[in-house]
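Visitor: I'll drop the sequence and a predicted model, then ask my questions.
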Amino acid sequence: MKIKELPIKFEFNGQNNYIYPSLLISNNELTLIDTGYTGFLHLIENEILKHGYEMKHLKRIIITHYDDDHIGSLYDFKEKYPWINIIASDLEAKYISGEMKSERLIQAEQKLENMPEEEMEFGKWFIQQLKNLKHVPIDEKVQDGDMILDNKCRIIATPGHTSGHISLYIPSLKSVITGDAAVKENQELVIANPHFCLHIEKAEQSLNKIKSLQAEHYYCYHGGKLTLMEA
């Protein structure tokens, strides 16, 4: 098994930004972790092709949690590649499929009620972005400790950023794919955007949980790959 980081460059509010979805390669099958914002299908496709892989080998997509920068292009992927198996946690699956109103949308609507006037325009825009997300059924629901991908990858429940957030641990590669359970800042793992955390105490516990795995490589969706040197 191999992990490839997919640096996706985009512009937001006039500034260059990056996200870093991960691609797992096992037995010539590809598994994509998270799908970027709406309209990012071609950006991610191009990055996969650049690494020399073919889209026909993309067999599954794992969604770490419901947020517009992680599920934005999921519908487009499923439309273009209908054979893809979509995997998410039990709880996040309810939001992604539209069975329940998402925690993030509820949070955004509540924040809007007490938002300063200068932030109101962004708040309304963000709510609309969430409302525009297309729902997609989940093919496989996973829980903490489940082993997937021929028992090579372990699901790690990492609630906090959202309630059903998951990360992935690949013991053979001493690697963790963090989603938003951690970001890389100044060569350290820290909590992702505390302002958006639904449960900050749980987020801290989850950060400690993935740190305790003592992996050598942490693939962060925001900030990119962090490699920790052994003491």
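Guide: Yep, it's here.

Visitor: can you give me the helices in the chain?
Guide: In the chain, the helices defined using DSSP state H lie at 41-50, 68-71, 74-80, 90-96, 103-113, 117-132, 200-211.

Visitor: quick one: closest of those to residue 155.
Guide: Closest approach to residue 155 among those (C-beta to C-beta): helix 90-96, 10.7 Å. (Each C-beta comes from the backbone N, C-alpha and C, glycine too.)

Visitor: so how far is that closest one from its chain's centroid?
Guide: The chain centre lies 13 Å from the centre of helix 90-96; the measure is C-alpha atoms, centre = their mean, to the nearest Å.

Visitor: now for that helix, which elements pack on it?
Guide: If you count contacts as 3 or more C-beta pairs under 8 Å, 6 or more residues apart in numbering; DSSP states H and E, helix 90-96 packs onto strand 140-142.

Visitor: strands paired with the strand it packs on, and their directions?
Guide: Partners of strand 140-142 in the sheet, by DSSP bridges, are strand 85-89 (parallel).

Visitor: okay, the strand it pairs with in CSV with CA atoms only?
Guide: Below are the C-alpha coordinates for strand 85-89, written out as CSV (Å, rounded to 0.1, in the frame of the first residue of the first chain):
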residue,chain,number,x,y,z
ASN,A,85,-18.1,2.8,-3.3
ILE,A,86,-18.6,5.7,-0.9
ILE,A,87,-17.6,5.2,2.8
ALA,A,88,-18.3,7.3,5.8
SER,A,89,-19.1,7.0,9.5
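
Visitor: i'd like the first residue to be 48 from this point on
Guide: Taking 48 as the first residue, the last one we looked at is strand 132-136.

Visitor: which residues touch that strand?
Guide: Applying C-beta atoms under 8 Å, 6 or more residues apart in numbering, the contact partners of strand 132-136 are 106-110, 112, 121, 125, 143, 183-190, 195, 202, 204, 211-213.

Visitor: let me have the helices of the chain in TSV, extended by mean pLDDT and distance to residue 50.
Guide: Below are the helices of the chain laid out as TSV (pLDDT from 0 to 100; distance: least, C-beta to C-beta, whole Å):
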stretch	mean pLDDT	distance to residue 50
helix 88-97	98	13
helix 115-118	97	17
helix 121-127	98	19
helix 137-143	97	22
helix 150-160	93	27
helix 164-179	91	29
helix 247-258	97	15
